[in-house]
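Colleague: Turn this into a structure:
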Amino acid sequence: MIDSHLTPWTPSRSAALMQLDAFSPSMGRHYAAMRNTDLGPGERTNTSILSPYLRRRLLTEHETVAAALCTHGYEGSEKFVQEVFWRTYFKGWLERRPTVWSQYKSQLEAVKLRNADDRLLREAETGSTGLACFDAWARELVETHYLHNHARMWFASIWIFTLKLPWELGADFFMRHLLDGDPASNTLSWRWVAGLHTRGKNYVAQSWNIAKFTNGRFTPSASELAEDPEPLTEAFDPGLAQAVRKVTLFDPSRKTAFLITVEDCMSETLVPSLGNMVAAATLRLSPPHAAKAVHEFDAASLADAAVRAQRLGAPSATMLDPSDPRRLTEWAQEAGATQIVTSYVPLGPTRDWLDQAVPSLDNAGITLAEIHCDWDDAVWPLASAGFFKVKKQIPRLIEDLYPS
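Modeller: Numbers count the residues shown, from 1 in each chain. Now for the predicted structure:
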C-alpha cells in the first residue's frame, strides 16, 4: 500500500502561493535536468506539483510564469515556461475543435457498454495485471490521485498498445482519479499517446526508458511491452480549427448573479468589476463517478474562492445543486438577477451542464455572460495545429503579457 498522506495538496489559494514560492528556485536548470525522472510517490521535489492549483486557477498561469521569469529569466526557465504553455495550448486546441470533445464523450459511452465485463480492464484499474511498473502506477493513481507526467505517458502507452484497452477508458480512469484532471489536457494527451492528436505519431513506452527515468525502480523486459506498435487510426476528422466560441458580454448596468466554477477559482479578478452583484454561488461539477478525493478538492477550492470573493464585497455564496441545470435559473430569479456572469467556461463537464441550463435561462430572460482571461486570449489564437506554433511565439507572448 502507498501512504495516502503523501498527497501534498491543500485546496486553497494560500497553499498554492506557498508551493509556488517554494518551487520557484527550482524552475531553472534543476527542473530542466530532472523533470523527466519519476522518483516515486512522495518524492516530487523535481516537479512543481502545482497542477491541481493551475487546473482550477487557484493559481494562474500568468503568475506561475512570472515567478519563473523573475527567478531565472526566460533562458534559464525556458523548459518550465514551455510546460505551462502546453497546458494553455491544449485548452485552446480543444476549444477550437469542439467536436473532439463531443466525439470523446459519445465514444466513451459506447466502449463502456462494450467493456462492462472486461476482466483485463478490471485488472488494469486495480493494478493487478502482473506488469510491475504499470500495476504500481495504477495503485499510486487511485491512492494518491497523482502521477508523474512521464509515468502518465508510459501508463497510457501500455494501456493502449500492450494491454490493447480502449484509450477512452484510460482517459476516463485518469479523469476519475487525478486531482489535476483537466478535460482538455487529459483527453488530448491520451489522443497524443495513441497517435491521434498528431496523426501517425504515437508515444511508445520503451523498457530502457522506464528503467532509466525511474532510476531502476522498474526494469520491465522488452518482451513485456509492445515496443513497436502502429499508431491508432480513426475515421473521425477533427477538421480545421474554428474561432473560439463567442460569448455574451457582461453588462454592468444589470443586476448580476456571480457564478464561481472549478474552471476558475480566482474570483478576485472579477468581483471588483461587478458593481450590481446581488448574489453569488458556487457550482461543483467533478467528472462523472470521480473519486471522493476529487469531489472534496473541488468543493474545498470553490469554498476558498467564495470566501475570498466575500472579502471583496460579494454576497455569501450558495452552493448550487448540480443535479438539475434548471436550478441555475431558479437561483438567479430568487436573487432578482437578470444576468449571470462567470469566467469563461471551456469544454468539459461544467460547460456541458451550462449548455443544458441555457434554454431555461433564455425562457426566463436571464443572460449568461462570460469573461475571457487575457492569458487565454493571447495564446488560444495560436493553438490551431501542433504545439510548435505556440512554442516559437513564446518569447513574443512574454513581451506582450509582461510589459516592462
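Colleague: which residues sit against stretch 188-196?
Modeller: Stretch 188-196 is contacted from outside by 90, 93-94, 100, 152-153, 156-157, 160, 167-168, 170-171, 174, 197-198, 201-203, 230-234, using Cβ atoms under 8 Å, 6 or more residues apart in numbering. For every residue, glycine as well, the C-beta is placed using N, CA and C.
Colleague: Out of those, which end up buried?
Modeller: If you count burial by 16 or more other Cβ atoms under 10 Å, the buried members of the contacts of stretch 188-196 come out as 90, 93-94, 100, 152-153, 156-157, 160, 167-168, 170-171, 174, 197, 202-203, 231-232.
Colleague: Please, where are all the helices along the stretch 101-250 of the chain?
Modeller: For the stretch 101-250 of the chain, the helices defined by DSSP state H, counting those that start in this stretch cover 119-126, 132-144, 149-157, 167-177, 183-194, 207-213.
Colleague: Out of these, the one nearest V345 is which?
Modeller: Of all the helices of the stretch 101-250 of the chain, helix 183-194 sits nearest to V345, with 10.8 Å by Cβ to Cβ.
Colleague: for this protein, which spans come out with low pLDDT?
Modeller: Residue ranges of the chain with pLDDT under 70: 1-7.
Colleague: how much space between L147 and P349?
Modeller: Going from L147 to P349 by Cβ to Cβ, to the nearest Å gives 21 Å.
Colleague: how about the closest residue to A243 other than its chain neighbours, what does it touch?
Modeller: Nearest residue to A243, sequence neighbours excluded (Cβ to Cβ, 6 or more residues apart in numbering): R96, at 7.3 Å. Neighbouring residues of R96 by Cβ under 8 Å, 6+ apart: A241, Q242, A243, V244, W380, A383, S384.
Colleague: let's see it at 10 Å
Modeller: P238, G239, L240, A241, Q242, A243, V244, R245, W380, P381, A383, S384 (Cβ atoms under 10 Å, 6 or more residues apart in numbering).
Colleague: Among these, find me the one that's closest to D135.
Modeller: P238 (33.6 Å).
Colleague: does the closest one really touch T187, like I thought?
Modeller: No. Assessed by Cβ atoms under 10 Å, P238 is found out of contact with T187, at 11.6 Å.
Colleague: Now do the shared contacts for these two.
Modeller: Contact criterion Cβ under 10 Å, 6+ apart; residues shared by P238 and T187: L94, V100, Q103, H197.
Colleague: ok, Q333 - contacts?
Modeller: By Cβ under 10 Å, 6+ apart, the neighbours of Q333 are A257, L361, A364, G365, I366.
Colleague: mind redoing it with 8 Å?
Modeller: Residues counted as contacts of Q333 (Cβ under 8 Å, 6+ apart) are A364, I366.
Colleague: quick check, distance from the helix or strand encompassing it to the centre of its chain.
Modeller: For Q333, the host element (DSSP states H and E) is helix 327-335. Between the centre of helix 327-335 and the centre of its chain there are 29 Å (Cα atoms, centre = their mean, to the nearest Å).
Colleague: hang on, the earlier thing: what's the separation between the residue nearest to A243 and P231?
Modeller: Separation of R96 from P231 (Cβ to Cβ): 23 Å.
Colleague: now do P183
Modeller: Taking Cβ to Cβ, one finds P183 at 23 Å from P231.
Colleague: Please apply the same query to E168.
Modeller: Using Cβ to Cβ, we find E168 at a distance of 16 Å from P231.
Colleague: Could you do T318 as well?
Modeller: Taking Cβ to Cβ as the measure, T318 falls 48 Å from P231.
Colleague: same question, S207
Modeller: Using Cβ to Cβ, S207 is found at 20 Å from P231.
Colleague: same deal with W331?
Modeller: 47 Å.
Colleague: Repeat that for A136.
Modeller: In terms of Cβ to Cβ, A136 sits 26 Å off from P231.
Colleague: What are the phi and psi values at A369?
Modeller: Per-residue torsions, A369: phi -100, psi 140 (degrees, to the nearest 10).
Colleague: Would you agree it is in contact with A337?
Modeller: No. Using Cβ atoms under 8 Å, A369 makes no contact with A337, being 11.0 Å away.
Colleague: Look at the two and report which has more neighbours.
Modeller: A337 (21 against 16; other Cβ atoms under 10 Å).
Colleague: got the contact list for the more buried one?
Modeller: Taking Cβ under 8 Å, 6+ apart, one finds R254, K255, T256, A257, V278, A279, I366 in contact with A337.
Colleague: now, which of these sits nearest L401?
Modeller: Using Cβ to Cβ, T256 is the member of these that lies nearest L401, at 28.0 Å.
Colleague: Who are the packing partners of the biggest helix by length in the chain?
Modeller: Looking across the chain with DSSP state H, the single longest helix is helix 61-95. Helix 61-95 sits against helix 13-23, helix 29-34, helix 51-56, helix 183-194, helix 374-379, helix 388-391, helix 394-401, with contacts defined as 3 or more Cβ pairs under 8 Å, 6 or more residues apart in numbering; DSSP states H and E.
Colleague: Closest one to T214 out of the contacts of R96, please.
Modeller: Using Cβ to Cβ, A383 comes nearest to T214 of the contacts of R96, at 32.0 Å.
Colleague: Now the closest one. Nearest residue, chain neighbours left out?
Modeller: G92 (3.2 Å).
Colleague: Tell me how many other residues crowd the one you found.
Modeller: By the criterion of other Cβ under 10 Å, G92 has 24 neighbours.
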